[in-house]
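J.: Generate a structure from the sequence data that follows.
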Amino acid sequence: MATSYISDLAVSIDAADEKLFLSQGFKKINVNLNQEAGGNKIYLWYKNGSEQISWVQFSFNNAMAKGLSNAGFKKVDRNLNEGAGGDAIYLWFSKKSGQYHTPIVEIDVTENPDGEALKFSNGWEKSACDLNRNTGGKYIYVWVKREKQTYISEVTADRSGNCYKDDYMCVDEDVNRGTGAAPIFIWYHQTTDPELALTDLKISTTNDEYQSLQKQGYTKVSLNLNEGTGGNQVYLWYTKDPANNPIQAMSLLLNLDAVPVYENAGILFIKKSLNTGTTGLTEYLCFYRP
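T.: Numbers count the residues shown, from 1 in each chain. The predicted structure is shown next:
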């Protein structure tokens, strides 16, 4: 039996959209993306087929949108925060193929930490962009599952959307959020080969931690994740030490109520805020390594 891929995506913001998408054969994920935020009742829709979406990202500012457009992504032209007063968030997707692009076979939405933990431990990938960003509503996240198990093979950090052209996927939340500094994002490549995967991630927020990780043989991502904030120098480090299992997925954890749930489920997170020394939001890097 042939594999059925996620082949198209849409977003409804009213009853007219819903009627149209039903007539076009789309399936609805029955979670209101504006939950507890007010505004329109907004839903994510998808189609299954032989065409293969391999890449789903979100934008919440003009620079992100420009980077995605320049990289050939298709924009779903419906604001996911319509009527709620938060950031204007848009869904983008690509059907690009190649070594870094494994087709998506399932897509889903979570509205609570228990759902997030279950997804991580069952081979799903979490978008870091809260679809209620800056609305005060529930934390809502989109998840995808791929045709084959993938692993994180490279990580970097950058201020711009230029990494899209090098096939890096964006951890689509600003690690400087709330500081007033220019946004910085973490980016990564995927692989289906576990032998090429990273096996551990660390964060340093002090010079002692920096020196310790250097002595342990970790490799540093060159950009200070707190650049421009006046806070601590914060660096991301990684290793491919075969003593650990390969990392399957990575994201950010901003909902502090989810911390004990992640801990109980064995989802690893580095309890050092990426905004250490600033007035920005507490953000933890999390990853899943079975």
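J.: low pLDDT regions in the protein?
T.: 1-2 (pLDDT under 70).
J.: center of it - which residue?
T.: By C-alpha atoms, centre = their mean, the mean C-alpha position of the chain lies nearest to residue 127, the distance being 2.7 Å.
J.: Can you report how many residues neighbour the spatially closest residue to residue 127 that is not a sequence neighbour?
T.: Leaving aside its sequence neighbours, residue 127 sits nearest to residue 142 (C-beta to C-beta, 6 or more residues apart in numbering; 4.8 Å). C-beta here means a position set from N, CA and C on the backbone, and glycine is covered the same way. Neighbours of residue 142 under the rule other C-beta atoms under 10 Å: 23.
J.: isn't residue 136 right next to residue 34, touching?
T.: No: here residue 136 does not reach residue 34: they are 11.1 Å apart, not a contact under C-beta atoms under 8 Å.
J.: So between those two, which is more surrounded?
T.: A side-by-side neighbour count of residue 136 and residue 34, using other C-beta under 10 Å, places residue 34 first with 24 against 11.
J.: For the more buried one, give its distance to residue 11.
T.: Look at residue 34 and residue 11: by C-beta to C-beta, to the nearest Å, they are 11 Å apart.
J.: Quick check: neighbours shared by these two?
T.: Overlap of the contact sets of residue 34 and residue 11 (by C-beta atoms under 8 Å, 6 or more residues apart in numbering) consists of 42, 80.
J.: count of residues packed around the closest residue to residue 87 other than its chain neighbours?
T.: Distances taken as C-beta to C-beta, 6+ apart put residue 60 closest to residue 87, at 4.3 Å, once the chain neighbours are dropped. Residue 60 has 23 neighbouring residues, counting by other C-beta under 10 Å.
J.: same thing with residue 278?
T.: 21.
J.: Isn't it up against residue 231?
T.: Yes: contact criterion C-beta under 8 Å: residue 278 and residue 231 qualify, at 3.6 Å.
J.: joint contacts of these two?
T.: With C-beta under 8 Å, 6+ apart as the test, residue 278 and residue 231 both reach residue 179.
J.: what's next to stretch 68-81, contact-wise?
T.: Taking C-beta under 8 Å, 6+ apart as the rule, stretch 68-81 contacts 9-13, 17, 33-34, 37, 39, 42, 55, 57-59, 65, 87-94, 96, 131-135, 161, 164-165.
J.: So among these, which ones count as buried?
T.: Buried subset of the contacts of stretch 68-81 (neighbour count, 16 or more other C-beta atoms under 10 Å): 9-13, 17, 33-34, 37, 39, 42, 55, 57-59, 65, 87, 89-94, 96, 131-133, 135, 161, 164.
J.: Sort out for me which of these are in helices.
T.: 17, 65 (DSSP state H).
J.: you'd agree residue 14 is up against residue 40?
T.: Yes: Residue 14 lies in contact with residue 40 (C-beta under 8 Å); the separation is 6.3 Å.
J.: So which of the two has more stuff around it?
T.: A side-by-side neighbour count of residue 14 and residue 40, using other C-beta under 10 Å, places residue 40 first with 20 against 13.
J.: just checking, the more buried one touches residue 82?
T.: Yes: here residue 40 reaches residue 82: they are 4.6 Å apart, a contact under C-beta under 8 Å.
J.: who touches both of those two?
T.: Common contact partners of residue 40 and residue 82 (C-beta under 8 Å, 6+ apart): 13, 34.
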